[in-house]
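**Student:** Below are the sequence and a predicted model; questions follow.
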Amino acid sequence: MKEYKVEPDATRTTTGCISLLSFILGAGFCDLAMTPGSPSWAADAMIWCLIVFFVTFLLWRLMRMQDDNI
């Protein structure tokens, strides 16, 4: 039986951190955009954070699936 050595993957870690950070920022911008009298850029920032979150989350999941299929 062959042993597999697990090594940290900086790319996967960075992608996961970007995804998590964009989700948290998007939630903050969403809260700001829903308050009365909020600045107009808050909704745009929320949408951009949502896009970045979904793209990086998809990339992170694809990297995880690739690791599972060794």
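**Tutor:** That came in fine, so what should we check first? Worth saying up front: this structure is predicted, and the values here are computed from it rather than measured.
**Student:** C-alpha from now on. contacts and neighbour counts both.
**Tutor:** Fine.
**Student:** mind listing the helices for the protein?
**Tutor:** Assigned by DSSP state H, the chain shows helices spanning 10-33, 41-68.
**Student:** which stretch among those comes nearest Y4?
**Tutor:** Minimum separation from Y4 across those (Cα to Cα) falls at helix 41-68, 11.3 Å.
**Student:** Make CSV out of the helices of the chain and add mean neighbour count, mean pLDDT and distance to M1.
**Tutor:** As requested, the helices of the chain are exported to CSV (neighbours: other Cα atoms under 10 Å; pLDDT from 0 to 100; distance: least, Cα to Cα, whole Å):
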stretch, mean neighbour count, mean pLDDT, distance to M1
helix 10-33, 17, 89, 27
helix 41-68, 16, 87, 17
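**Student:** These: which one's closest to E3?
**Tutor:** E3 lies closest to helix 41-68 among the helices of the chain, at 14.5 Å (Cα to Cα).
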